[in-house]
Every structure is written in C-alpha cells, then in structure tokens.
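Engineer: Any chance you could fold what I've pasted below:
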Amino acid sequence: MTVELTIRDGEPWWASNDIWTVPGGDPQGTPGTPVAGEPCYVWARVRNEGSERAENAVVRFYWANPSVAFDRTTATQIGTSYVSLDPGETTEVLCLTPWVPEFVNEGHVCLLAEVFHEPLDPLSPSGSFDVPTDRHIAQRNITIVQALESMEYRFSFAFEVHNAERVPQTFSLRAEQVDFESVRGLESLFGPEFELPDEGAVEDLGFVDEPCPDLDDVDDAEERIGDLELDAQRQTGFSLVGRLDGEAALVNVTLRSDRRTDRDRPLGGLTVLVTEANR
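Structural biologist: Take a look at the predicted model:
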C-alpha cells in the first residue's frame with residue numbers, strides 16, 4: 001500500500017498546465033493572467049497515483065520573481081491547503097489565501113505548487129525545488145511579453161539567475177525560439193478572450209545585463225551566456241531581448257550548470273510568448 005502524490009510537469013517541465021490563476025475576487029471565476037496590484041487565486045490539479053488513501057495531504061503554493069532557478073529561500077509562500085485523495089483520484093485544489101502580485105517586473109512571476117503527506121509520502125529533505133525529478137512539485141513559468149512599435153518591435157524581459165547551492169557554480173544561459181506546440185491547449189489559462197496569434201520569428205535574440213535596455217543595448221545582445229560564475233547562494237539578473245518579426249513567437253530560456261553530470265538537462269528555465277503590443 002502506497003501514497004504517490006503528483007502534480008504533473010509540462011513540456012518543457014517548467015510549463016505545467018496543472019497550475020493556473022483566476023484573477024479577481026471570485027476563485028470560481030474564469031482563469032486568466034495575473035494583474036499586478038490586483039487580487040487573484042491560484043489553483044493546482046493534484047493526483048494520488050498510489051494504492052492507499054491520502055488523508056489531509058498538504059498542498060503549498062509559492063511565487064517568485066521571474067527566474068530560471070529558485071528555491072525555498074528565494075520563493076515566497078502564498079498559502080497552504082489540504083486535500084484528501086482516494087487511490088487514482090484527481091482533484092483541483094484552491095489556495096484559499098488570495099494572492100496580490102506585486103508591481104515588480106510588471107507583475108510577471110513564476111508559480112510553483114507542491115503536494116505531500118507526512119509520513120506516507122513526504123518531500124525530499126533538500127531545500128531545493130528539483131521540479132523535473134520530483135513528482136510532488138510542478139512549476140508554471142510562462143510569461144506573455146509585448147513587442148512595442150515604438151521600440152521597432154524590439155522587446156525585453158528581465159529575469160534572475162540564482163545559485164541555490166552552498167558552493168560556487170558556473171552556469172550557462174541559452175535562448176532559442178521554439179514552435180507553439182508547448183503552449184497549445186493552454187490558451188484558456190491566459191484568459192477567456194486570448195487566442196494564440198500566427199507564428200512569426202524572433203531576430204537578434206540574446207541577453208543583456210541591463211534591467212531596462214534601450215535600442216543600443218538590444219542590438220548588442222549576446223546570443224549565449226557562458227562561464228557565468230556565481231558564489232554560493234547568490235543571484236544576478238539579465239534581460240532577454242530581441243526583435244519580433246510577425247504576430248508572435250515563443251522563446252525558451254534554459255539554464256545549465258557545469259557541476260551537473262547530466263549537463264544536457266536544464267537546471268531551470270522559463271518560456272516567453274512574445275506578441276505584438278496591439279494584440
């Protein structure tokens with residue numbers, strides 16, 4: 001007899017569709033994108049894939065500033081809920097505590113949820129969120145960014161890089177345009193009137209170390225950041241930049257660590273959907 005609690009990852013793993021938000025004062029309202037300074041509610045879809053009932057399992061909800069990697073020391077807990085699940089049961093769990101996104105980064109955030117049961121199905125003792133290998137945890141790190149006509153359809157998105165380990169690490173950052181497959185089926189989670197635009201392309205894609213880059217900064221972007229050294233439990237920031245050609249484009253940013261033996265697997269990541277400002 002076992003309890004196996006799960007919140008499913010997405011594809012890529014940081015794009016889970018089992019975590020979503022409902023803006024406004026009614027948690028039963030229509031899913032949509034959080035608005036900075038206005039209340040919203042967070043939901044998670046939880047499963048018990050074991051053969052034993054889980055009574056009063058714990059579901060915790062977190063937010064963090066846009067980041068390709070973070071842990072419990074850099075994430076902020078929104079609230080805690082409890083759920084009981086029979087074997088094979090799936091249910092949607094509401095975080096009863098309303099969440100008001102901050103104006104930092106224009107309200108863009110990472111969301112994370114974890115489910116566990118003490119003592120039948122506990123979390124790992126590690127303080128890190130090892131999302132891709134831990135079935136208890138899922139992350140939703142998808143952001144919509146607008147390309148402005150006044151900036152000649154250039155765009156920027158500021159995010160953070162964290163070293164959550166107790167030792168220095170060397171990282172690499174990479175950005176690449178990907179097709180829309182990973183966000184198809186998620187349109188309803190962006191709002192009732194959201195429609196995925198026609199797919200375009202991104203030119204001059206890269207990174208700068210300015211939080212609010214201007215045109216010259218965008219044109220001088222580095223395509224890839226390598227040999228990024230961070231001391232233990234330190235962080236730094238970059239902006240993803242580029243120029244949109246067409247209605248929309250999807251970009252994945254991935255972070256890798258030279259300390260890992262499986263360097264091909266991203267340590268963290270985020271997805272940015274770039275659209276024209278008038279859409």
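Engineer: what comes into contact with the helix-or-strand element of the chain with minimal mean pLDDT?
Structural biologist: When the helices and strands of the chain are compared on mean pLDDT, DSSP states H and E, helix 215-219 comes out lowest with a mean of 77. Contact with helix 215-219 is made by 151, 152, 154, 156, 204, 208, 210, 239, 241, 242, 243, as judged by Cβ atoms under 8 Å, 6 or more residues apart in numbering. Where you see a C-beta, it was placed from the backbone N, CA and C, and this is true even at glycine.
Engineer: Could you do stretch 195-204 as well?
Structural biologist: Around stretch 195-204, the neighbours that count as contacts under Cβ under 8 Å, 6+ apart are 154, 177, 179-180, 183-184, 187, 218-219, 221, 241-251, 274-276, 279.
Engineer: 10 Å instead, please
Structural biologist: 147, 153-155, 175-177, 179-180, 183-187, 190, 218-221, 223, 240-251, 272-276, 279 (Cβ atoms under 10 Å, 6 or more residues apart in numbering).
Engineer: Report the buried members of those residues.
Structural biologist: 147, 153-155, 175, 177, 183, 186, 190, 218, 221, 240-244, 246, 248-251, 272-276 (16 or more other Cβ atoms under 10 Å).
Engineer: In strands, which of those fall?
Structural biologist: Using DSSP state E, 147, 154-155, 175, 177, 240-244, 248-251, 272-276 are the members of those that sit in strands.
Engineer: For stretch 126-144, which residues meet the burial criterion?
Structural biologist: 128-129, 131-132, 134-144.
Engineer: how about residue 192, secondary structure?
Structural biologist: At residue 192 the chain is in coil, as set by DSSP: H, G, I helix; E, B strand; the rest coil.
Engineer: Could you check how far the helix or strand hosting residue 206 is from the centre of its chain?
Structural biologist: Secondary structure from DSSP states H and E places residue 206 in strand 201-208. In terms of Cα atoms, centre = their mean, to the nearest Å, the centre of strand 201-208 is set 20 Å apart from its chain centre.
Engineer: just the CA coordinates of it, formatted as CSV?
Structural biologist: Provided in CSV are the C-alpha atoms of strand 201-208 (Å, rounded to 0.1, in the frame of the first residue of the first chain):
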residue,chain,number,x,y,z
ALA,A,201,10.0,34.8,-35.8
VAL,A,202,12.5,36.5,-33.4
GLU,A,203,15.6,38.2,-34.7
ASP,A,204,18.6,39.4,-32.7
LEU,A,205,17.7,37.1,-29.8
GLY,A,206,20.0,37.3,-26.8
PHE,A,207,20.8,38.6,-23.4
VAL,A,208,21.9,41.9,-21.9
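Engineer: Can you list the buried residues in that strand?
Structural biologist: 202, 205, 206, 207, 208.
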